[in-house]
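Student: Pasting a predicted model and its sequence here:
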Amino acid sequence: MSSKRKRHHGKPLADRYPPSPPCDCEVCRSFCDRPGWWTVREAARALVAGYANRMMLEVSPERDFGVLSPAFQGCEGGFAIQELSDCGCNFLVGGLCELHGTGLQPLECRFCHHDRPGCGEACHADLEKDWNTLMGQQLVMKWGRLMYLEETVSRVLSGAVEPV
């Protein structure tokens, strides 16, 4: 591995994906239609701040790990449901993000911008790797306990049942 790759790989995600400048254009506003992902540490802070019931669990296609994210409207405190994916983020109220400026806005939301076409894919892939860790899955199970879904979450992530 090259030294440049090692340096880049070791940087925290927040350093690799810095916040974008504020923008109210149609493209940037459209990013808010689909909730962005927190890092595992950011989601842990959001749990402490009392937002567990406004999160949802997105399950990987292989059903081997989960990601906590702001919920689609209608999925609060449960599993992400494809049929509700066009309902928008539950933190987007009146065209404004309730998390903006609180220190709890997801990294993916802070990073994506019309001036960064295609860069969101790399950010999303790195966030996926962050969640596909022991720390990420322990946080998912903690959220499951808080939502009284621990057994269901465990069964879904083991492949025993489909997300409901």
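Tutor: All right, it came through fine.

Student: Quick check: closest non-adjacent residue to E98.
Tutor: Distances taken as C-beta to C-beta, 6 or more residues apart in numbering put F91 closest to E98, at 4.6 Å, once the chain neighbours are dropped. Yep, even glycine has a C-beta here, placed from its N, CA and C like the rest.

Student: show me the contacts for the residue nearest in space to the middle of the chain.
Tutor: Nearest to the mean C-alpha position of the chain, counting by C-alpha atoms, centre = their mean, stands W37 at 2.0 Å. Shown in contact with W37 (C-beta atoms under 8 Å, 6 or more residues apart in numbering): V67, S69, P106, L107, E108, H124, L127, W131.

Student: For the residue nearest to E98, give its distance to W37.
Tutor: 13 Å (C-beta to C-beta, to the nearest Å).

Student: Over to G95?
Tutor: On the measure of C-beta to C-beta, G95 and W37 end up 21 Å apart.

Student: still on that earlier bit, settle this for me: the residue nearest to E98 is touching P106, isn't it.
Tutor: No: counting by C-beta atoms under 8 Å, F91 stays clear of P106, with 9.2 Å between them.

Student: Return every residue with contacts to both of these two.
Tutor: With C-beta under 8 Å, 6+ apart as the test, F91 and P106 both reach P35, P70, L99.
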